[in-house]
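> Here you go, sequence then predicted model.
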Amino acid sequence: MSIRTPEQASRPAIEVPPHPQWPALSTPERTALTDRIKALLEAQDAVLVAHYYTDADLQELAEETGGCVSDSLEMARFGAASSAQTLVVCGVRFMGETAKILNPEKRILMPDLRATCSLDEGCPADAFGAFCDDHPDHTVVVYANTSAAVKARSDWVVTSSIALPVVAHLAEQGRKILWAPDKHLGHYVQRMTGADMLLWDGACVVHEEFKSFALERLRKLHPEAAVLVHPESPDEVVDQADVVGSTTQLIKAVVEMPNREFIVATDAGIFWKMHQLAPGKTLIPAPTAGEGATCESCAHCPWMAMNALQNLEQVLLKGDQEILIDPALGRRALVPIRRMLEFARERGIGARRDAD
């Protein structure tokens, strides 16, 4: 695996926040709170879009109010197709930015603008730009989990499901690829396509914690379970998978595969949708314990956990957590995103079915 970063862009230390401790809500309190949020959404011509990794209460509320629960790209696509003038994005900051890039005329709110992503944080735009300048003969492909400024510096933006066909297409043209920021996803794509790839040294704090030895032991305890792994995970975990895929692809596997048990190596927030669509299946979290374990996330993103019913209500009341992007920067970032969307359309790669 060819992983290289310039000296000025060595992988920064990521300060992982503690999981926020939201006050427990009684059933009457939760009902009253969701009723107030529903009224605010209607009054403000707003629609709620929530990522699969957010709290179950938010996912349920999004569906109840005609919003969307999905991957990051479909969240933005849904917003573009919606007539609502305000999109409330429950997820992490790059998702709100992508929604704004695709919907510049709309107001984009988030419950907490501090909700970021270790991949985004680990790929600063200035250092990344310098890295690209050092390799002008490379086609720049960046994962969706990046800032608007990094997207604006790229040739292509990809999600985890479309990365393989895009990189294979570029490799067929003889292109050398500079990939950022997730080295594990990048190496998986490199192995599958044989492409000449230079990888940025970034990783997701959730997926990097899955441990191969502990997974081997868990598989022995559940020999009939299918192992589902997101490709942001380390090679030794990916190599044990029955299915490697995006969030949407892993949900599809639980629904369609005949197995009754599944060991799932991705953020535990996805279990709500899996249980909803396949209520008879048993879902087992892949282990983050074992040799070298630190359990900074314990299989749930601490930044995703910054989204809750309580601050969702507050942002609708105050409107103070709005995503704003310089219009010129947004237009530059839109170019590689549109390139990906057009590629997907030409090849019949479905949005909701296959996105990251």
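On my side now, so go ahead. Numbers count the residues shown, from 1 in each chain.
> just checking, what's the longest helix in the protein?
Longest helix of the chain, by residue count under DSSP state H: helix 327-346.
> so what are the domain limits for the protein?
For the chain, automatic domain parsing gives the domain ranges 27-113+304-325, 119-199, 207-285.
> Could I get those in TSV, plus columns for mean neighbour count?
From N, CA and C alone the C-beta is placed, and that goes for glycine too. Output for the domains of the chain, formatted as TSV (neighbours: other Cβ atoms under 10 Å):
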stretch	mean neighbour count
domain 27-113+304-325	20
domain 119-199	21
domain 207-285	19
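> Leaving out sequence neighbours, find the closest residue to Glu261.
Ala225 (3.8 Å; Cβ to Cβ, 6 or more residues apart in numbering).
> Leu119 versus that neighbour, what's the distance?
Separation of Ala225 from Leu119 (Cβ to Cβ, to the nearest Å) stands at 28 Å.
> Off-centre distance for stretch 150-157?
17 Å (Cα atoms, centre = their mean, to the nearest Å).
> how long is it from one end to the other?
End-to-end distance of stretch 150-157 (Cα to Cα, to the nearest Å): 10 Å.
> and what of stretch 133-152?
When the termini of stretch 133-152 are compared using Cα to Cα, they are 14 Å apart.
> which residues of the stretch 1-150 of the chain fall in strands?
46-51, 68-70, 86-90, 107-109, 138-143 (DSSP state E, counting those that start in this stretch).
> for the stretch 151-300 of the chain, which spans come out with low pLDDT?
Along the stretch 151-300 of the chain, the parts satisfying pLDDT under 70 run over 289-297.
> now the helices for the stretch 251-356 of the chain?
For the stretch 251-356 of the chain, applying DSSP state H, counting those that start in this stretch gives helices covering 271-277, 309-318, 327-346, 351-354.
> Looking at those, spot the one closest to Asp137.
With respect to Asp137, and counting by Cβ to Cβ, the nearest of the helices of the stretch 251-356 of the chain is helix 327-346 at 17.9 Å.
> For the closest one, list every residue counted as buried.
Within helix 327-346, the residues that count as buried by 16 or more other Cβ atoms under 10 Å are Leu329, Gly330, Arg332, Ala333, Leu334, Pro336, Ile337, Arg339, Met340, Leu341, Phe343, Ala344.
> so can I have CSV of the residues you listed showing pLDDT?
CSV is the format used below for the buried residues of helix 327-346 (pLDDT from 0 to 100):
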residue, pLDDT
Leu329, 98
Gly330, 97
Arg332, 98
Ala333, 98
Leu334, 97
Pro336, 97
Ile337, 94
Arg339, 95
Met340, 92
Leu341, 88
Phe343, 93
Ala344, 87
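> pLDDT score assigned to the closest residue in space to Leu40 that isn't next to it in sequence?
Closest residue to Leu40 apart from its sequence neighbours, by Cβ to Cβ, 6+ apart: Leu316 at 4.0 Å. Leu316 is assigned 98 on the pLDDT scale.
> can you tell me which residues contact the spatially closest residue to Leu33 that is not a sequence neighbour?
Distances taken as Cβ to Cβ, 6+ apart put Leu309 closest to Leu33, at 5.2 Å, once the chain neighbours are dropped. With contact set as Cβ atoms under 8 Å, 6 or more residues apart in numbering, Leu309 has these partners: Leu25, Arg30, Leu33, Thr34, Ile37, Asp55, Asp57, Leu58, Leu61.
> And Asp133, how far from Leu73?
Taking Cβ to Cβ, one finds Asp133 at 28 Å from Leu73.
> Who are the contact partners of Val227?
Applying Cβ under 8 Å, 6+ apart to Val227 gives the contacts Leu215, Arg219, Gln240, Ala241, Asp242, Val243, Phe262, Ile263, Ala265, Ala286.
> on that earlier part again, can I get the buried residues of helix 327-346 in a markdown table with distance to Pro104?
Shown next, in a markdown table, are the buried residues of helix 327-346 (distance: Cβ to Cβ, whole Å):
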| residue | distance to Pro104 |
| --- | --- |
| Leu329 | 11 |
| Gly330 | 6 |
| Arg332 | 12 |
| Ala333 | 10 |
| Leu334 | 8 |
| Pro336 | 16 |
| Ile337 | 12 |
| Arg339 | 18 |
| Met340 | 18 |
| Leu341 | 16 |
| Phe343 | 22 |
| Ala344 | 21 |
